[in-house]
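In: attaching a predicted model along with its sequence, questions to come.
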Amino acid sequence: MINKKVEAAMNKQIVAETYSAWMYLSMAAWLDEQNLKGFASWMKVQAQEELTHATLFYNHITDRGGRVQLGAIEAPPNEWKSAGAVFEAAYVHEQKVTAMINNLVELATAEKDFAANPMLQWFVKEQVEEEKNPSELAARLKLVGSTGDGLLRLDAEAGTRTFVYPPPVLAGAAGEGPAA
């Protein structure tokens, strides 16, 4: 049985992960409008990843006999000054998510909910990548500016990103992606 305090915090994390997906879709829409299709595709992959993260928390709660309680999702921003500003905002957002994950680890440890630890440790490691990717793209966009060949090359490169399911141990009993 899942610890009730951890369950409540994980329910909040489901909302946060879903908001992240919504925010990344908003970023994708803005980038599409700017005809930066590669960056838009990158953000769509990121949105899919965030929904998968929400599903992992959902599955963890239900697998342990808990109750998922979904909350309202706040509307994300829908306007940015440049592609670089989009990726900078994504980086800042992921820093906030990292703090949320760290708080979950701290809570689970304090509550002696040791069954939550393997999944949460995966998220701790995942957040290193979640911060690194938009940070690097923001820095590279700063170098090339908001117009020209460099921007178009980075856009094309970003468009090659594809979605990868998390390891089967996290994805549910079927082992083929997140169970719905």
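Out: The structure has been received and is ready for your questions.
In: contacting residues for the residue nearest the centre of the chain?
Out: Residue closest to the mean C-alpha point of the chain, counted by Cα atoms, centre = their mean, is E50 at 3.7 Å. E50 makes contact with 17-18, 20-21, 24 under the criterion Cβ atoms under 8 Å, 6 or more residues apart in numbering. (Glycine included, C-beta is placed from N, CA and C.)
In: so which of those residues belong to helices?
Out: Secondary structure from DSSP state H places 17-18, 20-21, 24 of the contacts of E50 in helices.
In: could you grab the helix/strand/coil label for the residue lying closest to N11 once chain neighbours are set aside?
Out: If you skip the residues right next to it in sequence, N11 has Q69 as its closest partner in space, 5.0 Å away by Cβ to Cβ, 6 or more residues apart in numbering. Put simply, Q69 is coil when judged by DSSP: H, G, I helix; E, B strand; the rest coil.
In: leaving out chain neighbours, which residue sits closest to M10?
Out: Here the residue nearest M10, using Cβ to Cβ, 6+ apart, is F57, at 4.9 Å.
In: for the one you found, grab the count of nearby residues.
Out: Neighbourhood size, F57 [other Cβ atoms under 10 Å]: 26.
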